[in-house]
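S.K.: this is the structure alone, sequence omitted:
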């Protein structure tokens, strides 16, 4: 691998339910699809080699890691003690510019800690947050962002305002949306609704001149293309994300079961619409959107679902490339550094 | 109406998007279905009469109300000033034992205030809460309870423990469940997960010997019959409820659209499974379960969806009758009064 690649993506192959096989497979898919990108696999060398095809793509590199972080490891402790783990080594590669982005399907808390403690926060960002890209069910192909989808169980109004700013910049740079509408997840449409956090956030978002705030959005409307970015504290955002995923999956399962167990004409009808149903499932496949981007750290760090398979990993790598191509992270770093400087000046 | 009826249900016919016509229609359905129950209609007499059929059931009574509370009225103010409104008169009927239960599809906040300020809290209950009965998608016909589904935007751990107790008693008395499993809505399965509220609640629920606590339940699993009662603060519970409703509705709409706009064989297949799909929709129809019961006040008060139609009102009336038949409200009043007395004794 002597030629210079456009980007270099570090992948933790030891995290997630299907590690390392599916993670390696996904990385191979991406290496084949993006020949101008280098993919670095962090993990047990023997296990990686066993999962690789005989014909290894030229743009795939292996970095041996003797340890791995488990799902039930205490996050900060794991990061501090397992210094030769695939997650720590991958995050360190980003820190020292040996890689441009980092992807893992492992322990969420540990990945958050890697982002905060190894990759490092952007200047001016108080709390990095997970950003999930989700589909609209009313506008096919349209995506919207949920932020924070689960990094911080507790949040303050000013954190949500930062999420709004980050999300708006993301949809404008990466999705090429002209006017990124920001909504606040709340339990009613009126400004007076909500808990103390959402009431105060509503006020701050209304006052922020650089944010295109469209007001409160209720959980029942998030899939109807009401806003391009929806901000919430990490606890509520995580509840919303998981309930959207769970409801969609269980409803589709129920439909499949119903059609399979119905009378002869139902069965035949089910067979006739099978293709269409499959396409529909693909459209609403949340995993297609990649993983949750840890936004607010100095480089793209992406968390894939613990159940991620090869395709999910491939999409997450594609998402990392999109984010790098759009230059959104340095752009945001500039914006927040400038805001932090202005704030400091006002306070001096 | 000289003969004694088993129960008497007061219905606010002026609240909701489809008032008064659909509310009156629903009340007529119930009056026809339950001849041993009296239904009292509170609202504008002329409007009610115009909406009634020529053949008025014997067990239907009209109580004229010259005012009505609007959706955007400030709840407590509305209750205090609109003394001749359908909502205030209906709640007062329950207070003075002229009715056994009260149903409204009007202003949620005002109905909550009516429950608190007119009907009154049960002794020992700090915060009454809305309880929604929702379907399981994995066990057909099975329902589970979400509590608080939206009464209190802020909650303390001890409130959630009271919800657990009320919910458990409800499923055991009304659903005849032998061992009512109580789960805590949280953003992870482990006891250590969550925000300060859920962490403290987890501890209290673990310690409470009379509660069958099964641990944390994530939002993605609530539809898979994991627990019979799921407790949450009102803000998170409301987010969950609305996202379940929204996702199910929008997904079914998308499926219908997809089948309608597909090629000839998809269209034909769609027609063949139409009946089955309709049945399925009926099974997951949240409105079938009635409305949200305001639990913790001295009599059953039920909040129907603002979009309630005649069938929803009819189911809510049926739900009120089930609750009255089960005797759950006096049973709970005894339990909480006894607990309050014990607590007082310990403190004296």
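M.R.: Perfect, thanks for sending it. Note that this is a predicted model, so its numbers are computed, not measured.
S.K.: from now on I want contacts and neighbour counts done on CA atoms only, so please keep to that.
M.R.: Will do.
S.K.: all strands for chain A, in order.
M.R.: Applying DSSP state E to chain A gives strands spanning A:7-12, A:37-43, A:60-64, A:101-104, A:129-135, A:143-147, A:182-185, A:213-217, A:229-231, A:292-295, A:301-303.
S.K.: go ahead and name everything in contact with the fourth one.
M.R.: It refers to strand A:101-104. By Cα atoms under 8 Å, 6 or more residues apart in numbering or on different chains, the list of residues contacting strand A:101-104 from outside reads A:8-13, A:15-16, A:87, A:90-91, A:94, A:111, A:299-304, A:316-317, A:320.
S.K.: swap in the fifth one?
M.R.: Contact with strand A:129-135 is made by A:141-152, A:163, A:167, A:223, A:234, A:283-286, A:289-296, as judged by Cα under 8 Å, 6+ apart.
S.K.: buried only: go through these for me.
M.R.: A:142-152, A:163, A:167, A:223, A:234, A:283-286, A:289-296 (16 or more other Cα atoms under 10 Å in any protein chain shown).
S.K.: where does chain A dip in pLDDT?
M.R.: A:1-3, A:281-289 (pLDDT under 70).
S.K.: domains in it, by residue range?
M.R.: Split into domains by automatic domain parsing, chain A comes to A:1-125+A:296-348, A:130-291.
S.K.: any idea how far residue A:274 is from residue A:256?
M.R.: 9 Å (Cα to Cα, to the nearest Å).
S.K.: again, but for residue A:242
M.R.: Residue A:242 is 21 Å from residue A:256, by Cα to Cα.
S.K.: looking only at neighbour counts, state which of these two leads.
M.R.: residue A:242 (22 against 14; other Cα atoms under 10 Å in any protein chain shown).
S.K.: so what's the residue count around the nearest residue to the more buried one once chain neighbours are set aside?
M.R.: Distances taken as Cα to Cα, 6 or more residues apart in numbering or on different chains put residue B:220 closest to residue A:242, at 4.6 Å, once the chain neighbours are dropped. Residue neighbour count, defined by other Cα under 10 Å, stands at 23 for residue B:220.
S.K.: all helices for the stretch 51-200 of chain A, in order.
M.R.: Applying DSSP state H, counting those that start in this stretch to the stretch 51-200 of chain A gives helices spanning A:75-81, A:86-95, A:108-114, A:157-173, A:196-207.
S.K.: wait, which of those helices is closest to chain B?
M.R.: The closest of these to chain B is helix A:196-207. By Cα to the nearest Cα, the value is 8.3 Å.
S.K.: now that closest one: how far from the chain's centre is it?
M.R.: 25 Å (Cα atoms, centre = their mean, to the nearest Å).
S.K.: ok, stretch A:74-91 next?
M.R.: Centre-to-centre, stretch A:74-91 and its host chain are 20 Å apart (Cα atoms, centre = their mean).
S.K.: just the residues contacting that stretch, thanks.
M.R.: Contacts of stretch A:74-91 (Cα under 8 Å, 6+ apart): A:10-14, A:42-44, A:64-69, A:102, A:104, A:107, A:109-111, A:113-115, A:118-119.
S.K.: contacting residues around whichever residue of the stretch 1-150 of chain A sits closest to chain B?
M.R.: Closest residue of the stretch 1-150 of chain A to chain B, Cα to the nearest Cα: residue A:137 (6.6 Å). Contacts for residue A:137 were tallied using Cα under 8 Å, 6+ apart; they are A:223, A:224, A:225, A:284, B:250, B:251, B:254.
S.K.: neighbour-wise, which one of those residues leads?
M.R.: residue A:223 (23 neighbours).
S.K.: once you drop chain neighbours, what's closest to it?
M.R.: residue A:136 (4.7 Å).
S.K.: I'd say the one you found and residue A:221 touch.
M.R.: No: with contacts counted by Cα atoms under 8 Å, residue A:136 stays clear of residue A:221, the gap being 9.9 Å.
S.K.: count of residues packed around the residue lying closest to residue A:32 once chain neighbours are set aside?
M.R.: Of all residues not flanking residue A:32 in the chain, residue A:57 sits nearest, at 6.6 Å (Cα to Cα, 6+ apart). Close neighbours of residue A:57, defined as other Cα under 10 Å, add up to 18.
S.K.: same question, residue A:72
M.R.: Count around residue A:72 with other Cα under 10 Å applied: 11.
S.K.: return the residues in contact with it.
M.R.: residue A:107.
S.K.: and the gap between it and residue B:268?
M.R.: 50 Å.
S.K.: residue A:190 contacts residue A:216, doesn't it?
M.R.: Yes: between residue A:190 and residue A:216 there is a contact under Cα under 8 Å: 7.0 Å.
S.K.: please identify which of those two sits among more neighbours.
M.R.: residue A:216 (26 against 12).
S.K.: and the gap between that one and residue B:153?
M.R.: Counting by Cα to Cα, the gap from residue A:216 to residue B:153 is 15 Å.
S.K.: any chance of the helices of the stretch 51-200 of chain A in TSV, with distance to residue B:126 too?
M.R.: Shown next, in TSV, are the helices of the stretch 51-200 of chain A (distance: least, Cα to Cα, whole Å):
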stretch	distance to residue B:126
helix A:75-81	38
helix A:86-95	47
helix A:108-114	36
helix A:157-173	28
helix A:196-207	20
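S.K.: any of the contacts of stretch A:74-91 buried? List them.
M.R.: If we count by 16+ other Cα under 10 Å, the contacts of stretch A:74-91 have these buried: A:10-14, A:42-44, A:64-65, A:67-69, A:102, A:104, A:107, A:109-111, A:113-115, A:118-119.
S.K.: get me the contact residues on the stretch 51-200 of chain A for chain B.
M.R.: The stretch 51-200 of chain A comes close to chain B at residues A:137, A:138, A:153, A:154, A:186, A:187, A:194, A:195, as judged by Cα under 8 Å from any Cα of the partner chain.
S.K.: switch to 7 Å and redo it
M.R.: A:137, A:153, A:154, A:187, A:194, A:195 (Cα under 7 Å from any Cα of the partner chain).
S.K.: of the residues you listed, keep whichever come out buried.
M.R.: A:137, A:153, A:187, A:194, A:195.
S.K.: separation between the fourth one and residue A:51?
M.R.: The spacing between residue A:194 and residue A:51, counted by Cα to Cα, is 50 Å.
S.K.: with the third one instead?
M.R.: Using Cα to Cα, we find residue A:187 at a distance of 48 Å from residue A:51.
S.K.: next: residue A:99.
M.R.: Between residue A:99 and residue A:51 the computed distance is 22 Å (Cα to Cα).
S.K.: same check on residue A:110?
M.R.: Counting by Cα to Cα, the gap from residue A:110 to residue A:51 is 25 Å.
S.K.: do the same with residue A:101
M.R.: Distance, residue A:101 to residue A:51, using Cα to Cα: 23 Å.
S.K.: so between these two, which is more surrounded?
M.R.: Per other Cα under 10 Å, whichever of residue A:101 and residue A:51 has more neighbours is residue A:101, with 28 against 16.
S.K.: pull the contacting residues for the nearest residue to residue A:195 once chain neighbours are set aside.
M.R.: With Cα to Cα, 6+ apart as the criterion, residue A:195 has its nearest non-adjacent residue at 5.1 Å, and that residue is residue B:153. Residue B:153 makes contacts with A:194, A:195, B:234, B:235, as judged by Cα atoms under 7 Å, 6 or more residues apart in numbering or on different chains.
S.K.: same question for residue A:43.
M.R.: Applying Cα under 7 Å, 6+ apart to residue A:43 gives the contacts A:12, A:13, A:14, A:63, A:64, A:65, A:86.
S.K.: off-centre distance for stretch A:264-275?
M.R.: Relative to where its chain is centred, stretch A:264-275 has its mean C-alpha point 36 Å off (Cα atoms, centre = their mean).
S.K.: and it, what's buried?
M.R.: Quick answer for stretch A:264-275 (16+ other Cα under 10 Å): A:266, A:267, A:268, A:269, A:270, A:271, A:272, A:273, A:274.
S.K.: what about the residue of the stretch 1-150 of chain A closest to chain B, distance to residue B:32?
M.R.: 40 Å.
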